[in-house]
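Visitor: got a sequence here, can you model it:
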Amino acid sequence: MNHYMREFIQTTGELLENDQVRRMGQWKHHGPISTLDHSLFVAYLSFRVARALGLDKRAAARGGLLHDLYLYDSRDKSAHPGWQCFDHPRAAERNAEKITPLSDKERNIIRSHMWPLGGPLPRSWEAWLVDLVDTFCAGLEISGIYHPSRLRRRLGVQPLTTPVSG
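Guide: Now for the predicted structure:
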C-alpha cells in the first residue's frame, strides 16, 4: 500500500469501518459496479486531486465516500419517491448525518454531486471537484475501462453484502 492510500485510510478510517458505509457493497450502481466500489473510487480520486491542489482533502474524501450513501436498490422504484437522480443525494445526506457529523462543505458535496442534473449548485471547490470526479469515475466504470473493486481490495475495505439488523 502506498503513502497516499495510507493517508486516505487515515483520513476516512472511521467511515471505512462503518457498517452502513460497507453495506453499499450490496447494491449495484453502474452495471456490475457496487455503490461501495464506486464511492471509494470517487473518494480516493477526489482526495488525491484535492491534496495536489491544496484544497480540503478531508472534506473531498469524506464527501466523495458518502455521496451515494442512499442504501437502497436504485432500480426499485418503491424505494424512493421520484427520479433517482434527484432523490439519492438527499437520501445519502440523511444517511450520512446519522453516522457522522457533517461540515457544511461535506453536506454540500453530497447534495450537489449530481449538478446540473439534480441538486443545488456546488458551493466550494471541493464540491465542484467531487461532482467532476464522480462523472469521470462513472464514465470509466460504465465503459469498462476500470473496475474499482481493485482499489477497494488494495485499500483492504470489506463490503457487507448481507443486510445489517437494527
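
Visitor: burial measure for the nearest residue to M1 once chain neighbours are set aside, as a count.
Guide: Closest residue to M1 apart from its sequence neighbours, by C-beta to C-beta, 6 or more residues apart in numbering: R154 at 6.6 Å. In this view, the C-beta of every residue, glycine as well, is placed from N, C-alpha and C. Neighbours of R154 under the rule other C-beta atoms under 10 Å: 13.

Visitor: R154 falls within a strand, correct?
Guide: No. Counting by DSSP: H, G, I helix; E, B strand; the rest coil, R154 falls outside a strand, being helix.

Visitor: show me where the protein has its strands.
Guide: All strands of the chain, identified by DSSP state E, fall at 28-30, 33-34.

Visitor: can you find the helix or strand in the chain with the smallest mean pLDDT?
Guide: Least confident element among the helices and strands of the chain, by mean pLDDT, DSSP states H and E: strand 28-30 (a mean of 74).

Visitor: tell me which of the strands of the chain sits most buried.
Guide: Comparing the strands of the chain by mean neighbour count (mean count of other C-beta atoms under 10 Å), strand 33-34 ranks first with a mean of 20.
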